[in-house]
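>>> sequence first, then the predicted structure:
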Amino acid sequence: MSLCFDIGGTRIKYATIDKNYNIEQVNVISTPKNIEDFKQKINEILDTFGEENVGFSVAGIVDYKSKTVKHSPNMLFLNNFSFNEFNRRNIHIEVENDANAACLNSYRIHKIPNMLHITLGTGLGGGAIVNGKLLKSSISVFEIGHISAKFDGKRCGCNNRGCIEKYTGIGHIIEFAKKYNCFDPLEHIFSNYSKDKVYKRIVDRFAQYLGIVVADLINVFGSDLVVFSGGIANNFDAFSQTLKKTVRRRSFVYRIKSCTFAVEENPTFAGLLGIASIFNERLDG
């Protein structure tokens, strides 16, 4: 049994998960705003559960050796914090980037040895499985949202210009819609894209930019499957046709070999289940 945490900028989800991936009651709390309150809350939970395997899925760049969050853009208080501070007698701790954890869960479900997982939301995140292994180095970098789509494009928070997530993120889609005096909710825009020319223009532009980065990734990795998750992924039917058309036009690898697109089956618990898979694979292996 593992105690797994999914730590986001707004909420923390945690639950115990067994080797068959059965989830006991999921608990949700608000994410503390400073490191002292964060440590206090996590320690209280650890005292309550007493599990030997404890895993954390975190939105940020993780240094695996030191189990340190090197940078978390939405939780700055976690910068340079080591989760080894929660290490106690007989406790084994694992820490993983949230997009990588979601990718591990997708691999657990699909069992495709060469696949990608892309998260669509405020930014653009992802993970890659190559020959049955999660692609990573000493840190959890697979920051696909910061691939440049425009040489002199918009300034990004990472200090680069033209990052792809500045054109695919929720905030940018809303900003682009306003240029057409469209202030409707994104869900409404995507759900009714075929009924309105402005809606279709907004959705197609998003899909074209997303297609650029997907085409690049398929050219590099030759992946057989791309799984999408995040709020926008729920509207996959609205943008899938333009996405595939863009990928086919821009990726010669896609034209040579087949690559399937899918939507995450259980995005709410993807991070928790992905962290659990780290412990369960070790037990099975």
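Perfect, thanks for sending it. Numbers count the residues shown, from 1 in each chain.
>>> helix or strand: which one has residue 62?
strand 61-63 (DSSP states H and E).
>>> mind checking how far residue 163 is from residue 147?
Distance of residue 163 to residue 147, computed by C-beta to C-beta, to the nearest Å: 7 Å. All C-beta atoms are positioned from the backbone trio N, CA, C, and that covers glycine.
>>> could you check whichever helix or strand comes after the strand holding residue 62 and say which residues are buried?
Following strand 61-63 in sequence order, the next helix or strand is strand 68-71 (DSSP H and E). By neighbour count with 16 or more other C-beta atoms under 10 Å, strand 68-71 contains the buried residues 68, 69, 70.
>>> show me where the chain has its helices.
With DSSP state H as the criterion, the chain has helices at 35-49, 98-110, 165-168, 170-178, 186-191, 197-221, 236-250, 252-256, 270-284.
>>> okay if I get those helices as JSON lines plus mean pLDDT, mean neighbour count and distance to residue 74?
Below are the helices of the chain laid out as JSON lines (pLDDT from 0 to 100; neighbours: other C-beta atoms under 10 Å; distance: least, C-beta to C-beta, whole Å):
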{"stretch": "helix 35-49", "mean pLDDT": "96", "mean neighbour count": "13", "distance to residue 74": "13"}
{"stretch": "helix 98-110", "mean pLDDT": "94", "mean neighbour count": "25", "distance to residue 74": "11"}
{"stretch": "helix 165-168", "mean pLDDT": "93", "mean neighbour count": "25", "distance to residue 74": "13"}
{"stretch": "helix 170-178", "mean pLDDT": "94", "mean neighbour count": "16", "distance to residue 74": "13"}
{"stretch": "helix 186-191", "mean pLDDT": "94", "mean neighbour count": "16", "distance to residue 74": "20"}
{"stretch": "helix 197-221", "mean pLDDT": "97", "mean neighbour count": "20", "distance to residue 74": "21"}
{"stretch": "helix 236-250", "mean pLDDT": "97", "mean neighbour count": "18", "distance to residue 74": "25"}
{"stretch": "helix 252-256", "mean pLDDT": "95", "mean neighbour count": "13", "distance to residue 74": "33"}
{"stretch": "helix 270-284", "mean pLDDT": "85", "mean neighbour count": "22", "distance to residue 74": "14"}
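>>> include distance to residue 134 when you put those into TSV, please.
Formatted as TSV, the helices of the chain follow (distance: least, C-beta to C-beta, whole Å):
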stretch	distance to residue 134
helix 35-49	24
helix 98-110	6
helix 165-168	21
helix 170-178	26
helix 186-191	30
helix 197-221	13
helix 236-250	23
helix 252-256	21
helix 270-284	9
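>>> quick one, which of the ones you listed gets closest to residue 22.
Closest approach to residue 22 among the helices of the chain is made by helix 270-284 (9.9 Å; C-beta to C-beta).
>>> what angle sits between that closest one and helix 98-110?
60 degrees (axes from the mean of the first three to the mean of the last three C-alpha atoms, to 10 degrees).
>>> which residues touch helix 270-284?
2, 4-6, 13-15, 17, 19, 21, 23, 26, 53, 55-57, 92, 94, 96, 98, 100-108, 229, 264, 266 (C-beta atoms under 8 Å, 6 or more residues apart in numbering).
>>> the domain parsing of the protein - what is it?
Domain segmentation of the chain under automatic domain parsing yields 2-101+268-284, 112-265.
>>> tell me the contacts of residue 60?
69, 70, 71, 72, 73, 75, 78, 79, 97, 98.
>>> so what pairs up with the closest residue to residue 26 other than its chain neighbours in the strands?
Using C-beta to C-beta, 6 or more residues apart in numbering and skipping residues adjacent in sequence, the residue nearest residue 26 is residue 15, 4.4 Å away. Going by DSSP bridges, residue 15 is paired in beta bridges with residue 4.
>>> ok, now which ones touch residue 15?
3, 4, 23, 24, 25, 26, 27, 269, 272.
>>> and residue 17, how many neighbours does it have?
25 (other C-beta atoms under 10 Å).
>>> wait, residue 166 touches residue 176, no?
No - using C-beta atoms under 8 Å, residue 166 is not in contact with residue 176; the gap is 10.8 Å.
>>> tally of neighbours for residue 5?
Count around residue 5 with other C-beta under 10 Å applied: 22.
>>> just use 291 as the starting number from now, easier for me
OK, 291 is where the count begins now, so the last one is residue 295.
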